[in-house]
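J.: only geometry, no sequence info:
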């Protein structure tokens, strides 16, 4: 091949290279812009992970669930309520599959715990233990007083609202954000992953995000 | 006598033809499954596919169950990241088309079970149409929301 390529071939290669770069960026979405995972997942990776404020909730057995229970391990936190027939149980099942898939990619010590934050304390708290165990023994059910729940939800950049509540009636509606939050062992919100969660893609994304975070964290120490 | 027999045969054939027209396929249901949750929760989800093989629109107005006090048709939505559910009062099924009840979208919410339901049990629901006709569908109770391979739960009736 000649040392000097003809101008039209150079231009053609440049255009092709540009197309590849543009397509890669489009497929990676905001995640790629943040310099993280390679799979196309509908997610938001925080360029500056934000520390969660102090919170005081309880697990399904009534024990305190605070920042201490998030420390030292990765966590996947989702919001929901036990009387949800559709999205919540489906997402819980999917998350359990994601965790199983992740067990092939990360060591057991780095496997995230799944935390189900039950946002309808009146109906949820009496049944929470049995509810989460039904989906997976590894899921931690958490709830608390409404003010604490709301504060936790907002710190995860989430949303919760209950409408149609009347005395004596239990057919009210609970609206809540559907994003699954990835929280680091340092108690920082690292990413938010939107449903649907496909086990293969989501497990790769989460594992890569964890790795990228750990590398950045090691550099700054 | 022969004439009487012929008359009887003709009447029977006419009646059979009429019965055949009455029992022509209204809706065809498939992959009908009732998804069980934890026993402490008296709420189940129902998923299925309903196809209209006919030439006119059919409207499903309500659903009942032989094993639940109430059944609602709901649609799950995630709008701007917020999950919510809205009731569906009137569900048209266009001619030649199907509506799919599936996780994260259209689904049945069945509450107040009237008997213990375990995996593999059959539950019969009735799709009530706008012309008051009923279409029974047999659902199989399952722990998973995914449809079974092939078709599980067929019904195509008219009354």
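T.: On my side now, so go ahead. None of the values given here were measured: they were computed from a predicted structure.
J.: And the helices in the chain, which stretches?
T.: No chain was given, so I picked chain A. Per DSSP state H, chain A carries helices over the ranges A:7-33, A:67-70, A:87-102, A:121-124, A:128-135, A:146-155, A:199-220.
J.: Oops, wrong one, chain B.
T.: B:2-22.
J.: need the longest strand for it.
T.: Criterion DSSP state E: the longest strand present in chain B is strand B:68-79.
J.: what's the angle between that one and helix A:87-102?
T.: For strand B:68-79 against helix A:87-102, the angle between stretch directions is 60 degrees (axes from the mean of the first three to the mean of the last three C-alpha atoms, to 10 degrees).
J.: Against which helices or strands is strand B:68-79 packed?
T.: Applying 3 or more C-beta pairs under 8 Å, 6 or more residues apart in numbering or on different chains; DSSP states H and E, we find strand B:68-79 packed against strand B:58-65, strand B:82-87, strand B:106-113. Every residue, glycine included, has its C-beta placed from N, CA and C.
J.: Tell me which of those strands sits most buried.
T.: strand B:106-113 (a mean of 21; mean count of other C-beta atoms under 10 Å in any protein chain shown).
J.: quick one, that strand and strand B:68-79 angle?
T.: Per the same axes, to 10 degrees, the angle that strand B:106-113 makes with strand B:68-79 is 140 degrees.
J.: Is strand B:106-113 positioned near chain A?
T.: Yes - contact between strand B:106-113 and chain A, assessed by C-beta under 8 Å from any C-beta of the partner chain, occurs at B:107, B:109-110.
J.: Could you tell me which residues of chain A lie near chain B?
T.: Residues of chain A lying near chain B (C-beta under 8 Å from any C-beta): A:82-87, A:89-90, A:93, A:127, A:130-131, A:133-134, A:159, A:173, A:175-179, A:194-196.
J.: Can you select the buried ones among those for me in ChimeraX?
T.: To isolate the buried members of the residues of chain A next to chain B in ChimeraX, using 16 or more other C-beta atoms under 10 Å in any protein chain shown:
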select /A:82,83,84,85,86,87,89,90,93,127,131,134,159,175,176,177,178,179,195
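J.: How is chain A divided into domains?
T.: Chain A breaks down into these domains under automatic domain parsing: A:1-33, A:36-220.
J.: now, of the ones you listed, which is deepest in the fold?
T.: Of those, domain A:36-220 is the most buried (mean count of other C-beta under 10 Å), at a mean of 18.
J.: I'd like the mean pLDDT over it, please.
T.: Mean pLDDT, domain A:36-220: 92.
J.: Same question for stretch B:42-55.
T.: Mean pLDDT, computed over stretch B:42-55, is 96.
J.: which residues does the nearest residue to residue A:138 once chain neighbours are set aside bridge with?
T.: Closest residue to residue A:138 apart from its sequence neighbours, by C-beta to C-beta, 6 or more residues apart in numbering or on different chains: residue A:114 at 6.2 Å. Counting by DSSP bridges, residue A:114 is bridged to residue A:76, residue A:139.
J.: Surely residue A:114 is in contact with residue A:99?
T.: Yes - using C-beta atoms under 8 Å, residue A:114 makes contact with residue A:99 at a distance of 6.1 Å.
J.: residues in contact with residue A:152?
T.: Taking C-beta atoms under 8 Å, 6 or more residues apart in numbering or on different chains, we find residue A:152 in contact with A:52, A:55, A:57, A:117, A:144.
J.: let's go with 10 Å and repeat that
T.: Neighbouring residues of residue A:152 by C-beta atoms under 10 Å, 6 or more residues apart in numbering or on different chains: A:52-53, A:55-57, A:65, A:77, A:79, A:117, A:119, A:142-144, A:158, A:160.
J.: what does residue B:79 give?
T.: A:175, A:178.
J.: Who are the contact partners of residue B:44?
T.: So residue B:44 contacts A:85, A:89, B:34-37, B:65, B:67-68, B:71, B:108-113, B:117, B:123, B:139, B:141 (C-beta under 10 Å, 6+ apart).
J.: switch the cut-off to 7 Å
T.: Residue B:44 sits next to A:85, B:34-37, B:110 when contact means C-beta atoms under 7 Å, 6 or more residues apart in numbering or on different chains.
J.: again, but for residue A:200
T.: Applying C-beta under 7 Å, 6+ apart, we find residue A:200 in contact with residue A:101.
J.: ok, so what distance separates it from residue B:122?
T.: 34 Å (C-beta to C-beta, to the nearest Å).
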